[in-house]
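In: Below are the sequence and a predicted model; questions follow.
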Amino acid sequence: MSWITNFLTSSLGKKLIMSLTGLFLIVFLVVHLAGNLQLLYDDNGVAFNTYAHFMGENELIQFLSFGLYAFILLHIIQGLVIWVLNRRARGVGYAVSNRKSNSFASRQMALLGLLIFFFLAVHMGDFWYKVKFTDQLTMVPIEGLDGELVKDLHARVSTAFSEWWIVVIYLLGLLALSLHLWHGFQSAFQTLGLNHKKYTPVIKTLGRLYAVLIPLGFATIPLYFYFIK
Amino acid sequence: MNLKLKIWRQAGRKTKGQFQTYSLEATPEMSFLEMLDVLNEKIIEDKGEPVAFEHDCREGICGSCSMVINGQAHGPMGMTTTCQLHMRHFKDGDTIVIEPFRARAFPVLKDLVVDRSSFDRIIQAGGYISVNTGQAPDGNSILVNQDDSKEAFDAAACIGCGACVAACPNASAMLFASAKVAHLAFLPQGKVERQKRVGRMVAQMDKEGFGNCSNTYACEAECPKGISVDNIAKMNREYFSSSVGSQKD
Ligand code: HEM
Ligand code: SF4
Ligand code: FES
């Protein structure tokens, strides 16, 4: 099987891993946003808590979530490896740096990625960790479960987003995500070798729409809870 | 026009270098290299060591005049090598910072001269064809589709100057290597070794210590021959399909 290790550890193979894990995360974010927008229903959290309970119990979702953790970790570790190798490949830096030939986002993918990582640590610590590993959430009944109680994640979200500094961390994290994807979306297709004058302009436009709309969609949630609730 | 030049001086491969500042009276019609020639004459008159820089054709086709001028490989003009850059693009009183190409795979030999033989080794690894293609009439008897021949020719315009590596924040050689891979992959003569070629060239490129492509496209912006990053996507395709789908060695 040495061809496969040679292939995946080559410079192009490493980038293939970045691209595929990145595209997987891009698909995940759409699903994640669609689910989370239920937080905006004015129904005391019934819809969202029902959804969160389903996601926590369903075995297929649980299985996929392990894939998600693995892909995020692979993306982060591979990204940092590439970053170190690239710094080493330059060696001595330039006295005058030129910012005209490429974009800020494309140069700073690793920095933006690290900002996303710090945001993820806060995000997972606040919700995922508390739901999975603690009993801090209050239990509430929801319809259709015959009086069985579920964790009130809606209330946890509402409490978290009443703190201004958590809202600020989320907005900064989403800004970093937006810039990461402003470059990353079309970059992932170029890495896969998908570049053609017929469809590359479409990919570029889609990527920019995605990079703006998805983080904006996420941003409505903390803003809604802080200012309107 | 009066210029202040800040030039990287380094006596040899292992010695430490530093910037040295010179004042020079130049004229707008000089080329950038002629301006450096005038500086060197002045330095020699003052019994100093002239600034070493590489040059050969001085007409934009050999790719040897490597240097980074105010942060840009081959200076501020697009699609222009240093030898084709003229002083009229600078202003009286300008400070011009001149550095060698910076990449671990391009070690500095002296002052502005770097060793670009890592590019030669990438070519030696696979950037050739070993089938006998005969004489010129034989070439004409092999039919090549017009679109393919145009694309192959665009890729073949690469002069191996290394500006793409110098401009890339990751010192990646993808634009250069991909131009060679694409050039040969489009032509019937190159198809014989097509699958083996790309793997060997990428392996050599990695071995030389070039960085990984982040698709920032600084290479395309600073390439004096306008080589397109479409070639990089083409090389990615060639590499993936030949790694997964070929009967390689
Ligand atoms: C958790 C922290 C993250 C880190 C540390 C990180 C790191 C990186 C780095 C360093 C690169 C550039 C690799 C290169 O081109 O040389 C990159 C590319 C990319 N990232 Fe991330 N990233 C993170 C999160 C994300 C997320 C959440 C997404 C998607 C929703 C994402 C999508 C992408 C995409 C699509 C690319 C482009 C792949 C390519 O150029 O082929 N990343 N990431
Ligand atoms: S691709 Fe362009 S910049 Fe790179 S070596 Fe060829 S001609 Fe020079
Ligand atoms: S000296 Fe030949 S390209 Fe500049």
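Out: Structure received. Ligands and ions are numbered 1, 2, ... in the order given.

In: can you give me the strands for chain A?
Out: Counting by DSSP state E, chain A has strands at residues A:139-141, A:149-151.

In: could you redo the ones you listed as JSON lines and give each row mean pLDDT?
Out: Output for these, formatted as JSON lines (pLDDT from 0 to 100):
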{"stretch": "strand A:139-141", "mean pLDDT": "90"}
{"stretch": "strand A:149-151", "mean pLDDT": "91"}
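
In: which one of these is the most hemmed in?
Out: Most buried of the strands of chain A, by mean neighbour count (mean count of other C-beta atoms under 10 Å in any protein chain shown): strand A:149-151, with a mean of 17. Heads up, the C-betas are built off the backbone N, CA and C, glycines and all.

In: Where does the prediction get shaky in chain A?
Out: Residues of chain A that meet the criterion pLDDT under 70 lie in A:1.

In: change it to 90
Out: Counting by pLDDT under 90, chain A contains low-confidence ranges at A:1-4, A:6, A:44, A:98-99, A:141-149, A:229.

In: Kindly report the same for chain B.
Out: B:131-136, B:138-142, B:192, B:195, B:243-249.

In: and the strands of chain A as CSV, adding distance to ligand 3?
Out: Listed next are the strands of chain A as CSV, based on distance: least, C-beta to the nearest ligand atom, whole Å:
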stretch, distance to ligand 3
strand A:139-141, 74
strand A:149-151, 69
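
In: Neighbours of residue 55, how many?
Out: Just so you know, I chose chain A. Look at A:Met55: counted by other C-beta atoms under 10 Å in any protein chain shown, it has 15 neighbours.

In: look at chain B instead
Out: 18.

In: ok, residue 89 - contacts?
Out: Picking chain A for this. B:Ala103, B:Arg104, B:Ala105, B:Asn170, B:Ala171, B:Ser172, B:Gly209, B:Phe210, B:Gly211, B:Asn212 (C-beta atoms under 8 Å, 6 or more residues apart in numbering or on different chains).

In: My question was about chain B, not that one.
Out: Shown in contact with B:His89 (C-beta under 8 Å, 6+ apart): B:Gly75, B:Pro76, B:Met77.

In: And B:Asp94, how close does it get to B:Asp111?
Out: Distance of B:Asp94 to B:Asp111, given as C-beta to C-beta, to the nearest Å: 21 Å.

In: Those two: which is more packed in?
Out: Counted by other C-beta under 10 Å, B:Asp94 and B:Asp111 do not tie: B:Asp111 has more neighbours, with 23 against 15.

In: Specify the local secondary structure of the closest residue to that one other than its chain neighbours.
Out: Distances taken as C-beta to C-beta, 6 or more residues apart in numbering or on different chains put B:Ala52 closest to B:Asp111, at 4.1 Å, once the chain neighbours are dropped. Three-state call for B:Ala52 (DSSP: H, G, I helix; E, B strand; the rest coil): coil.

In: and B:Ala52, what is it in contact with?
Out: B:Ala52 makes contacts with B:Leu109, B:Lys110, B:Asp111, B:Leu112, B:Val113, as judged by C-beta under 8 Å, 6+ apart.

In: what residues are up against the first one?
Out: The reference is to B:Leu109. Contacts for B:Leu109 (C-beta under 8 Å, 6+ apart) come out as B:Gly12, B:Arg13, B:Ala52, B:Asp115.

In: Could you grab the helix/strand/coil label for it?
Out: Here B:Leu109 is recorded as strand under three-state DSSP.

In: Domain ranges for chain B, per the record?
Out: Annotated domains of chain B cover B:2-110, B:117-248 [automatic domain parsing].

In: Could you point out the longest helix of chain A?
Out: Counting by DSSP state H, the longest helix found in chain A is helix A:59-90.

In: So for that helix, what gets flagged as buried?
Out: A:Phe71, A:Ile72, A:His75, A:Ile76, A:Gln78, A:Gly79, A:Ile82, A:Trp83, A:Leu85, A:Asn86, A:Ala89, A:Arg90 (16 or more other C-beta atoms under 10 Å in any protein chain shown).
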